[in-house]
Structure formats: structure tokens, C-alpha cells
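I'd like to go over a predicted model; first the sequence, then the structure.
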Amino acid sequence: MTRLASLLLTAACFLAGCQTAEPEGDPSHLKVLMIGNSFSISCLTHLPQVAADSGQKLDLGSLYIGGCSLERHATNVVAELRDEKAKGAYRYDRVIDNGIRRIVRDARLTDVLKGVKWDVVTIQQASHLSWRKESFHPWGDDLVKTVRTLAPQAKIVVQETWSYTPFDKRLAQWKISADEMAARAERLRCAFLRRRRRRRAQPEAGRPVQEESGLDLVGQLGHVSSEREGRVPTGARLGGGPLGRRP
């Protein structure tokens with residue numbers, strides 16, 4: 001058993017006998033928690049209004065650290081599980097029906113995962129690493145394992161990021177174009193999904209084979225790039241996609 005698996009098992013056992021001060025919320029709402037960075041917290045700007053205008057009941061949470069990578073999220077989990085009393089590193093926002101907004105500083109990822117029965121949990125790679133193959137493993141796998149252990153009912157979604165503008169100086173430093181960055185990021189995100197599905201299809205010792213149903217491709221969750229000149233809200237997935245129905 002790996003160290004992370006051992007820590008997660010301990011946390012799961014602790015969860016069975018603990019209570020949380022986090023309000024559970026209305027069970028009729030779709031509860032979505034985003035674990036990410038600026039690309040995910042930006043969804044709070046328009047997505048609650050889009051959901052409300054579409055007649056959807058949305059309870060949207062965001063765990064935010066600026067520029068946070070999969071590696072840092074996974075490292076934070078290990079640190080939190082080692083010390084249940086350690087201060088968290090996240091800004092936690094929660095918006096219900098485009099109304100009351102609750103903001104908590106120094107929140108802990110593991111506590112938020114355990115505190116509410118989330119229907120959907122989204123994860124994402126930091127944009128500056130989204131086109132680098134080596135940045136996804138093993139940290140993305142570890143983060144998925146954490147969600148599956150602490151929020152087993154949740155559907156896991158990989159949020160898509162978008163490319164930088166063609167004028168961003170980092171592209172010149174990396175010697176790639178904006179189109180190439182976008183294409184690489186998309187290929188790697190899809191490859192990550194395929195890898196997770198294959199791993200879920202392989203039974204572990206003493207465990208039955210389970211169909212992979214948690215990781216789904218949904219495209220940009222809250223914003224899309226408009227000719228790389230800015231961000232505009234989109235609700236295309238709310239009506240018939242994963243955010244429009246229970247997973």
C-alpha cells in the first residue's frame with residue numbers, strides 16, 4: 001500500500017465518525033466543486049447566472065490557489081492528511097443559485113471534499129503546464145484517488161483550459177504557437193482520461209472490475225476563448241451535458 005493510499009484510508013475511517021460545520025445545502029441542487037486555479041474560479045463570474053437563467057439549481061464551490069498545478073494540489077492533500085489540524089492553503093468560495101456567496105480563507109481541500117456530498121468534482125492542470133506531458137502523472141492520478149476516497153459519490157470531470165494569446169511572451173520562450181499549445185493541452189487531457197479509464201478497468205487484488213464512469217470530457221466549464229481576445233461565458237453544457245443533470 002502506498003503512503004497516499006494509507007493516509008486516505010485513515011482519513012476515510014475518520015470521516016465515518018466525524019461531523020462537519022459545512023452546510024449540506026438543498027438536495028435538489030446540483031453540487032459542483034471545482035479544484036483549480038484562476039481558470040476555475042473565473043467560472044464564478046458568469047456560471048451561476050447562466051445556470052439561473054437556464055432554470056438550473058446550482059450549488060457551486062471553488063477551491064482556489066492562483067496558478068496551482070496538479071502536483072501542488074496532490075502535495076497539499078498529503079500535507080493535510082498528515083496533520084488534521086494544519087491550516088489549509090485554499091480560498092474557498094461557495095455560491096448557491098447565484099445568491100449568497102460564502103468565502104473562507106485558509107480552507108483545506110480534504111475538509112471541503114468531505115464536508116458536502118458533492119455531485120461533481122472538477123480538476124484541472126495549471127495552464128502553463130497543460131501542454132507538458134510529464135506534468136500530469138502521478139499527481140493527477142493521486143488527486144483522482146483522493147476524490148474517489150473522500151467523495152466516492154461524485155462524478156469527476158476534467159476541466160479544459162485554453163491557450164494563451166499569440167502575443168504572450170511565454171509562447172516565444174517555449175518555442176510553440178498558441179494553436180500548438182491548445183492542441184497539445186487537448187491531446188494530453190484526452191490521454192489522461194484514457195489512462196484513467198484503462199486503470200479503472202484493471203481489477204486490483206480482492207476488488208471487482210468497475211466501469212469507469214467518473215471522468216468525462218466536457219470542454220470548457222465556465223468560459224471559452226473567443227478568438228483568443230478574451231473570455232466569454234458559455235452555458236452550452238448546462239442544458240443537456242453533465243452540469244444539466246445528475247451524474
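All right, it came through fine.

identify the residue nearest residue 126 in space, chain neighbours excluded?
Distances taken as C-beta to C-beta, 6 or more residues apart in numbering place residue 69 nearest to residue 126, at 4.1 Å, with adjacent residues excluded. All C-beta atoms are positioned from the backbone trio N, CA, C, and that covers glycine.

can you pull the phi and psi angles for the one you found?
With angles defined as degrees, to the nearest 10, residue 69 sits at phi -90, psi 170.

and the one 5 residues further on, by the same measure?
Backbone torsions of residue 74, given as degrees, to the nearest 10, read phi -60, psi -40.

quick check: which element contains residue 153?
Here residue 153 sits in a region with no helix or strand, counting by DSSP states H and E.

so it sits against residue 119, correct?
Yes - in this structure residue 153 lies within contact range of residue 119 using C-beta atoms under 8 Å: 7.5 Å.

look at these two and report which has more neighbours.
residue 119 (21 against 10; other C-beta atoms under 10 Å).

check contacts around the residue lying closest to the more buried one once chain neighbours are set aside.
Excluding the flanking residues, the one nearest residue 119 by C-beta to C-beta, 6+ apart is residue 31, at 4.8 Å. Residue 31 makes contact with 25, 59, 61, 116-120, according to C-beta atoms under 8 Å, 6 or more residues apart in numbering.

low-confidence ranges, the protein, go.
1-25, 198-247 (pLDDT under 70).

where do the helices of it begin and end?
If DSSP state H is used as the criterion, the helices of the chain fall at 3-15, 38-41, 43-53, 70-82, 109-115, 139-150, 169-174, 178-201.

can you name every helix or strand that the fourth one contacts?
Meaning helix 70-82. For helix 70-82, the packing partners by 3 or more C-beta pairs under 8 Å, 6 or more residues apart in numbering; DSSP states H and E come out as helix 3-15, helix 109-115, helix 139-150.
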